[in-house]
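> Kindly return the folded structure for what I paste below:
(2 chains)
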There are 2 protein chains.
Amino acid sequence: MKNVAIVGTGHTKFGVRTDVNLQELAWEAIKQALEEASLDQSDIQYFVVGNFGNWSSEEIPAVVIGEYSNLNPNGTMRVEAACATGSAALRDAYLSVKSGEVDIALAVGVEQMHQSPNPNTIELIGRAGDYFWEFQNFGLTFPSYYALHASAYMSKYNVKEEDLGNIAVKNHYYGARNPYAQFQKEITMEDYLNSRPVAYPLRILDSSPITDGAAAVLLASEEVVKRITDSPIWITSQGTASGTANLSRRSDFTHIEAAELAAKQAYKKAGINFETSWKYFDVAEVHDCFTIAEVMAYEDLGFAKRGEGYQLARENQTYIGGKIPVNVDGGLKAKGHPIGATGISMAVSITRQLLYRSHKGTQVDVKNGMGLFHNVGGTGHYAYVTILSSRRPSS
Amino acid sequence: MKNVAIVGTGHTKFGVRTDVNLQELAWEAIKQALEEASLDQSDIQYFVVGNFGNWSSEEIPAVVIGEYSNLNPNGTMRVEAACATGSAALRDAYLSVKSGEVDIALAVGVEQMHQSPNPNTIELIGRAGDYFWEFQNFGLTFPSYYALHASAYMSKYNVKEEDLGNIAVKNHYYGARNPYAQFQKEITMEDYLNSRPVAYPLRILDSSPITDGAAAVLLASEEVVKRITDSPIWITSQGTASGTANLSRRSDFTHIEAAELAAKQAYKKAGINFETSWKYFDVAEVHDCFTIAEVMAYEDLGFAKRGEGYQLARENQTYIGGKIPVNVDGGLKAKGHPIGATGISMAVSITRQLLYRSHKGTQVDVKNGMGLFHNVGGTGHYAYVTILSSRRPSS
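Alright, predicted model coming up:
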């Protein structure tokens, strides 16, 4: 098995990106990654495109991106894992290098949600749940899915609205410092409490937005890393798990089982103790599609015990300087959530953190040289947890 | 790098399969593969779903299949490479085992094209080409794409209609002997010549049908293969390449460059000489979405020199007993072409051939213990060539 490192990262401005088409948007991120690594397209041997894509009539995104970005005749595929699509793209590219099939691979995630021919974006997002049963019969969409989680969690642990608000305030605080973020604007707790309800108990300021954007990472095998960079960020391990489509088959709404399983897989491979996992990491990105999702993520990742996740936020322990800084690029909430790009965007953020290349006001202190990202598709239909490190894996 | 073998295969009846839903169809193939390998779901560590899927409002096929087939909480993703989607699913599962991430993985391809809420299936298939330019501006759909190839080829090499007809007659001959085939009916050259035109020079009997179906393979690493089976079929190598979306950027319509590149990649890894490649293989499956595609495949795989592919068929060299039997399960033409399942179906056919487990009247003589399958997405937008062997790779 080969060790695999990230040797280049690219990230577009997230937001309303109707100034470009899908392939132009992807190329913005790819170009940046190539320049960062001082590589050109002829160095790439394989590329993987993460795109959920139902917003578009473009059914072969990998092909149009390949042509526009001059990546032919490299082999390629498109992958999908709902909102964890970016991490799935990273996975296939990672496996291609780790297995020795290729030495240099590109993973690019891209989504253009504002170009949808179907104006009902909520319906389209609802299709990432159990569409034929839960959406068509009960009208469940993603705000209502996560409202179920929020209600269960708040009821069981006697949590207040302000505890969810803390997540939104933090993520907007950092989004305001990230020039790539969709919402570069701080909010106050008063703003949060006054924002309109979406699906009780969730408000508009609990919710990640509809976003266009792209992100890219270049991966290289240990043999070629040295030629490219003296500051590789290694992929230490990855865990992946799935959950049922039908939520009635889940036993507990106060956490996301697949995410916990994915974390434990990744930790086991990396020799990390679940109960004290936060001590290993300088920084984490978690899938805060809604504020409650970030609270559950703290617990699913072992950063807090069950029922105590919200206290981390209450004590400001997930700000820079706290026990474990989380989503200090703004997270899905403020940076935005372009479905297929989100997981790769997380990988870019963690890589740049570990290299002290984050935007002003968002850089953490790097002590252990290790970070992780947690990317969930649906409500735990898919989960991927990936650990990155400046230290070369020993294997 | 770990050696990887196919240890179980599953294949549904292809055709109009509106008797089941998508997940039931996938499970038919998965169940067969599990029974063949004497494994159950708890032995699987990762599964990959190949599904093009635009025929359905089901946007998370991997999730509904995972739930129905009791594959939770294993990690999963859906992959897409247009008509080469099945090979792409096989690739990701293969890489997951080869890289050491998991020991047992499942690749399942499935498509249900007769359930489309959009009655215009030809438009949906057209989207697997350069939709926004070629389809919307010029009305190009897949019959017309391959008609361009056929016209170019027939003109350059002075080929007759009967030379395409030979492919259709052969593939229907074997489809008639395959109980899983959509069209289990022989045709004569007269039938072919009298069949109605679709896109000149192609007729309805040059064309693969709209098909529902599923196929599955279970992959295992060398360490666990012995516990499962004493007749593994190893994945010797795989090549993959891509072509431009826009056909006007291609230099030659008489062959598919990406397919030739993918073949040469796979051959290089396997130590196979391109010019004499046919001598290495007992049997091949090629992507005959239209008859002309099979003729071009002969040349792109090195079975015949440029401009001489049609002669192989004229001399019956691709029937059982000839130089290189091709599509002796009926091919896409007669067996059917359920987009996401096709590549996995090819893997199942080759595996069963090498194990002397093909249907009566379709079994080849196995001398070298090696076969290959060639799976093309679009008109060479994607290409995958995979070599299987009963001999364990040396590496």
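
> Contact partners for A:Ser390?
When contacts are counted by CB atoms under 8 Å, 6 or more residues apart in numbering or on different chains, A:Ser390 touches A:231-234, A:354-355, A:366, A:369-370. Placement of C-beta: from N, CA and C, glycine included.

> ok, those residues vs chain B, which is closest?
Distances from the contacts of A:Ser390 to chain B were compared by CB to the nearest CB; the smallest belongs to A:Trp234, at 14.7 Å.

> Just say helix, strand or coil for the nearest residue to that closest one once chain neighbours are set aside.
Leaving out its chain neighbours, the residue that sits closest to A:Trp234 by CB to CB, 6 or more residues apart in numbering or on different chains is A:Ala5, at 4.8 Å. Under the three-state scheme (DSSP: H, G, I helix; E, B strand; the rest coil), A:Ala5 adopts strand.

> and A:Ala5, what does it touch?
The contact partners of A:Ala5, taken as CB under 8 Å, 6+ apart, are A:219-220, A:222, A:225, A:229, A:232-235, A:392.

> Test for you: state the pLDDT assigned to it.
If you check A:Ala5, the pLDDT there is 98.

> Repeat that for A:Ser395.
We have a pLDDT of 56 for A:Ser395.

> Check which element follows the helix or strand of chain A with the lowest mean pLDDT along the chain.
Within chain A, no helix or strand scores below helix A:121-126, which has a mean of 72 by mean pLDDT, DSSP states H and E. Sequence order places helix A:136-138 as the next helix or strand after helix A:121-126, per DSSP states H and E.

> Show me which residues of the helix or strand just after that following helix are buried.
Going down the chain from helix A:136-138, the next helix or strand is helix A:142-157, by DSSP H and E. Neighbour counts over helix A:142-157 (16 or more other CB atoms under 10 Å in any protein chain shown) mark A:142-154, A:157 as buried.

> what does stretch A:308-326 give?
For stretch A:308-326, burial by neighbour count (16+ other CB under 10 Å) applies to A:309-313, A:317-320, A:322-326.

> Could you do stretch A:201-216 as well?
A:201-203, A:205-216.

> so where's the stretch 251-395 of chain A shaky on pLDDT?
Applying pLDDT under 70 to the stretch 251-395 of chain A flags residues A:395.

> so can I have a markdown table of the buried residues of stretch A:308-326 showing secondary structure and distance to B:His11?
A markdown table is the format used below for those (DSSP: H, G, I helix; E, B strand; the rest coil; distance: CB to CB, whole Å):
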| residue | secondary structure | distance to B:His11 |
| --- | --- | --- |
| A:Gly309 | helix | 47 |
| A:Tyr310 | helix | 51 |
| A:Gln311 | helix | 54 |
| A:Leu312 | helix | 51 |
| A:Ala313 | helix | 52 |
| A:Gln317 | coil | 54 |
| A:Thr318 | coil | 50 |
| A:Tyr319 | coil | 55 |
| A:Ile320 | coil | 55 |
| A:Gly322 | coil | 55 |
| A:Lys323 | coil | 53 |
| A:Ile324 | coil | 49 |
| A:Pro325 | coil | 51 |
| A:Val326 | strand | 47 |
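
> re the thing from before, outside of the least confident helix or strand of chain A, which residues touch it?
Applying CB under 8 Å, 6+ apart, the set of residues contacting helix A:121-126 from outside is A:54-55, A:113, A:116, A:118, A:135, A:140-143, A:210, B:59.

> re earlier: between the buried residues of stretch A:308-326, which sits nearest chain B?
Nearest to chain B among the buried residues of stretch A:308-326: A:Gly309, at 21.1 Å, using CB to the nearest CB.

> Assign the nearest residue to that closest one once chain neighbours are set aside to helix, strand or coil.
Residue nearest to A:Gly309 in three dimensions, not counting chain neighbours: A:Tyr298, with 3.6 Å by CB to CB, 6+ apart. Assigned by three-state DSSP, the conformation of A:Tyr298 is helix.

> Pull the number of nearby residues for A:Tyr298.
27 (other CB atoms under 10 Å in any protein chain shown).

> Distance of it relative to chain B?
A:Tyr298 sits 20 Å away from chain B, going by CB to the nearest CB, to the nearest Å.

> how close does that residue sit to A:Ile292?
Between A:Tyr298 and A:Ile292 the distance is 11 Å, computed by CB to CB, to the nearest Å.

> likewise A:Glu28?
Here the criterion is CB to CB. By it, A:Glu28 lies 32 Å from A:Ile292.
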